[in-house]
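*Asks:* just a sequence and a predicted model for now, questions to come.
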Amino acid sequence: MSNKTPTTTHFTSPCVDPIVTDERWTYANKEIVVSGMSPGGTTAARQHAACRLLVAQYVKSTLDWEPEEPPRGSVAAMSFFYDVAADAGLIDVMRGGKVTIGKYKHAAQQACGGANIEQPWACMDLVYIVTLLNDAYKMSLNHPISLYKKVNGHEVSWALGLAYTTIMNRINVK
């Protein structure tokens, strides 16, 4: 158990709904106090663009490699990708389905422009997914992604989705 006092960082973001004010998070002995940015007359498009810029800068700064080309073949995603798509109404929460990155982007543009008491982090989550897949992994906006919550009745995680996609693409390439 550490006796260190957490350091506190205050963070106001265009990616977080303005309903969030001074929400405290502690991670790695660092306290972060998060607030949404007041829309103050900005448009949904500007709010989305400001969030996308911040997320893109973060994603690019944390990548230690970048693929030369997008993944070939089909792409499967689970866990966070599934939950965010279901919350945004892009897929049926019980059955999953296919979605394009463009549909995630459209949902992000809507989420970043309006108040959302039920899902105040929706803008951030959707923009992160679009930025990761489109910018970092170089997947086109019309690339389909199959989203699963369960495989053969067992709930799956993102790590299994990555392994599944990698194995299936290697089988299909040969």
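*Replies:* Received, thanks. Numbering: from 1, shown residues only.
*Asks:* name the residues of the helix or strand containing residue 47 that come out as buried.
*Replies:* For residue 47, the host element (DSSP states H and E) is helix 44-62. Buried residues in helix 44-62, defined by neighbour count with 16 or more other CB atoms under 10 Å: 47, 48, 49, 50, 51, 52, 54, 55, 56. Backbone N, C-alpha and C define where each C-beta goes, glycine included.
*Asks:* is it possible to get JSON lines of these that adds pLDDT?
*Replies:* Shown next, in JSON lines, are the buried residues of helix 44-62 (pLDDT from 0 to 100):
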{"residue": "47", "pLDDT": "90"}
{"residue": "48", "pLDDT": "93"}
{"residue": "49", "pLDDT": "95"}
{"residue": "50", "pLDDT": "94"}
{"residue": "51", "pLDDT": "95"}
{"residue": "52", "pLDDT": "97"}
{"residue": "54", "pLDDT": "95"}
{"residue": "55", "pLDDT": "96"}
{"residue": "56", "pLDDT": "95"}
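*Asks:* quick check, residue 34 in contact with residue 20.
*Replies:* Yes - assessed by CB atoms under 8 Å, residue 34 is found in contact with residue 20 at 6.3 Å.
*Asks:* around residue 140, count how many other residues there are.
*Replies:* By the criterion of other CB atoms under 10 Å, residue 140 has 11 neighbours.
*Asks:* for stretch 89-103, which positions count as buried?
*Replies:* Within stretch 89-103, the residues scored as buried using 16+ other CB under 10 Å are 90, 91, 96, 99, 100, 101, 103.
*Asks:* for the last one, which non-adjacent residue is spatially closest?
*Replies:* The spatial neighbour of residue 103 that comes closest, neighbours along the chain excluded (CB to CB, 6 or more residues apart in numbering), is residue 90 at 5.4 Å.
*Asks:* who's in contact with that neighbour?
*Replies:* By CB atoms under 8 Å, 6 or more residues apart in numbering, the contact list for residue 90 reads 97, 99, 103, 104, 107.
*Asks:* could you report the distance from it to residue 100?
*Replies:* 9 Å (CB to CB, to the nearest Å).
*Asks:* now do residue 134
*Replies:* 10 Å.
*Asks:* name the residues contacting each of those two.
*Replies:* Joint contacts of residue 134 and residue 100 (CB under 8 Å, 6+ apart) are residue 141.
*Asks:* so for residue 105, what's the nearest residue that isn't a sequence neighbour?
*Replies:* Leaving aside its sequence neighbours, residue 105 sits nearest to residue 130 (CB to CB, 6+ apart; 4.8 Å).
*Asks:* please apply the same query to residue 111.
*Replies:* Residue nearest to residue 111 in three dimensions, not counting chain neighbours: residue 122, with 4.0 Å by CB to CB, 6+ apart.
*Asks:* that neighbour against residue 88, yeah?
*Replies:* Yes - here residue 122 lies in contact with residue 88, judged by CB under 8 Å, at a distance of 6.7 Å.
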